[in-house]
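*Asks:* Sequence below, structure please.
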Amino acid sequence: MFTVTLLYHEWEKQLKKWLVNEIKRWHTGENVSQAIWKTNFDQIMAMLMQLGWDVKTEACYGKLNECRLVTNVYKHGDGWALDSLRGNYSEYFSASANRYSLSYVDSADLTVNNMQLDFFSNAIVSFWENIPENIYDDDGAKVPSWLKKAFDRDGRQS
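*Replies:* Sure, this is the predicted structure:
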């Protein structure tokens, strides 16, 4: 499980770093950088979509989302991610846990086999192979409200 967590968090850090570096091509300011580093998976995916890359249509998206959920269950235990895994991805729970109602499984029953780990790794490679080479400041681009606020704060400080 530790390997999955490291894999996911390293991908997430690299993605946020890439986003900050891309935006620095057309915008300077620390508020935007800080805002990106504070975002979560859903906010980043929405931002990529608003900037023109519909990442949710990519084959890798589903496995990246599963990897995020597994990581959150490992990190936080019971909660919304566990509920989502139980409801949508019961294959991540041990065979003994599946003999009973999934409502009785908890974070201790979470397992990831080598094949699932390979799927996560392949999804990350696929993500990087398909990401746009650059993102640009396009006058027609709609940015999420949290990012617009950071742009505005940076503009007032210039």
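*Asks:* In this structure, what helix or strand scores lowest on average pLDDT?
*Replies:* helix 95-98 (a mean of 60; mean pLDDT, DSSP states H and E).
*Asks:* Now tell me what touches the helix or strand following that helix from outside.
*Replies:* Per DSSP states H and E, the first helix or strand lying C-terminal to helix 95-98 is helix 114-130. Helix 114-130 is contacted from outside by 3-4, 7-8, 11, 55, 58-64, 66-67, 70, 91-92, 112, using CB atoms under 8 Å, 6 or more residues apart in numbering. Where you see a C-beta, it was placed from the backbone N, CA and C, and this is true even at glycine.
*Asks:* What remains of these if I keep only buried residues?
*Replies:* 4, 7-8, 11, 55, 58, 60-61, 63-64, 66-67, 70, 92, 112 (16 or more other CB atoms under 10 Å).
*Asks:* out of these, who's nearest residue 142?
*Replies:* residue 55 (15.5 Å; CB to CB).
*Asks:* Alright, that wraps it up for me.
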